[in-house]
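Visitor: Here is my input; please provide its structure:
(2 chains)
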Amino acid sequence: MEFKRISRENGDWNKLWTSWDTICSEYGETFQDFASSSLEVLRPLAESPQTASAGVFALFDGVSILAVCQLNVAFIKGYDKKVLRLRHLLLSPKYDYSDDITVEDYVNILSEMFAGTISCAKEELFAKHVKLHLQSPADREFFNKIQENLEQSATFSSVKMHGAWLYIDL
Amino acid sequence: MEHKANMEVKVAFAAAIKHAIESMGVDRFKETSFFGSNEKRETEFKEAA
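Guide: Purely as a prediction, here's the structure:
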């Protein structure tokens, strides 16, 4: 699997649009109803000239796009180093509509997405802190469990929940 | 060295995500914002209410 930037410039944004439209059709769904608010946030970022501080990133398995998210990096009040923020993480419609997906499939995709984000902080968007955004009560429950588990490992300097974010210090 | 660090990060996330999904259950996990169809369901729910 490969985690990389997608844009209109490199042609991969259009591939996402057409392939996810096809997947929705295969399950009798319409792509217009699928995550329209998140995709409308990602669209201008992917379709504009690309910058070194933000972008839309996706997880590829060959030509298949398994998931997508927004990443942006900035100096934020209270930090002396840059902060990389992940928002609008979306799985492919296949992982939403298919009945043949296992827990391991979700684990593999999300761990690749989060690990790809950490790699981006080290190699492309350059940040010392990473924040993952929570958009719903179920997100909060999910990231609470993530935090419980990660804070027991020595992988990161610290992992904390605060407001609508999971904070990770690298 | 960098590859080893990346693998360590991936393994840590995988363990944490597996713990999270198994703790909350798959049905509740599928209510997270990672699933695009939830937007439609939320809209329909609000309209019905």
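
Visitor: going forward, measure contacts between C-alpha atoms and count neighbours the same way
Guide: Will do.

Visitor: Chain A contacts on chain B?
Guide: B:6, B:8-21, B:23-24, B:26, B:28-40 (Cα under 8 Å from any Cα of the partner chain).

Visitor: List only buried entries from the residues you listed.
Guide: Buried subset of these (neighbour count, 16 or more other Cα atoms under 10 Å in any protein chain shown): B:9-14, B:16-21, B:29-39.

Visitor: So, low pLDDT: which residues of chain A?
Guide: For chain A, applying pLDDT under 70 flags no range at all.

Visitor: helices or strands next to the longest helix along it in the packing?
Guide: Criterion DSSP state H: the longest helix present in chain A is helix A:103-123. With contacts taken as 3 or more Cα pairs under 8 Å, 6 or more residues apart in numbering or on different chains; DSSP states H and E, helix A:103-123 sits against strand A:2-6, strand A:54-61, strand A:64-74, strand A:129-133, helix B:2-24.

Visitor: any chance of those in JSON lines, plus distance to A:S111?
Guide: Converted to JSON lines, the helices and strands packed on helix A:103-123 look like this (distance: least, Cα to Cα, whole Å):
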{"stretch": "strand A:2-6", "distance to A:S111": "11"}
{"stretch": "strand A:54-61", "distance to A:S111": "11"}
{"stretch": "strand A:64-74", "distance to A:S111": "11"}
{"stretch": "strand A:129-133", "distance to A:S111": "13"}
{"stretch": "helix B:2-24", "distance to A:S111": "5"}
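
Visitor: Go through those and name the closest to A:G116.
Guide: Nearest to A:G116, of all these, is strand A:2-6, at 5.6 Å by Cα to Cα.

Visitor: Partner strands of the closest one, with direction?
Guide: Here strand A:2-6 is paired, per DSSP bridges, with strand A:54-61 (antiparallel).

Visitor: what's in contact with the partner strand?
Guide: A:1-7, A:42, A:45-46, A:65-73, A:109, A:112-113, A:125 (Cα atoms under 8 Å, 6 or more residues apart in numbering or on different chains).

Visitor: Kindly report the residues of chain A close to chain B.
Guide: Near chain B, when you scan chain A using Cα under 8 Å from any Cα, you find A:33-37, A:88-91, A:93, A:95-96, A:103-104, A:107-108, A:110-112, A:114-115, A:118-119, A:135-139, A:141-143, A:145-147, A:149-150, A:153, A:155.

Visitor: just the buried members of the residues you listed?
Guide: Using 16+ other Cα under 10 Å, the buried ones in the residues of chain A next to chain B are A:34-35, A:88-91, A:93, A:95-96, A:107-108, A:110-112, A:114-115, A:118-119, A:135, A:138-139, A:141-143, A:145-147, A:149-150, A:155.

Visitor: coming back round to it: tell me which of the helices and strands packed on helix A:103-123 approaches A:K160 most closely.
Guide: Of all those, strand A:129-133 comes closest under Cα to Cα, at 9.6 Å.

Visitor: do you know how far A:R140 is from A:S38?
Guide: Noted for A:R140: a distance of 18 Å to A:S38, by Cα to Cα, to the nearest Å.

Visitor: and what of A:L90?
Guide: Taken as Cα to Cα, the span from A:L90 to A:S38 is 8 Å.

Visitor: other SSEs contacting the helix or strand harbouring A:I146?
Guide: Using DSSP states H and E, A:I146 sits within helix A:137-150. Contacts defined by 3+ Cα pairs under 8 Å, 6+ apart place helix A:137-150 against strand A:158-162, helix B:2-24, helix B:26-29.
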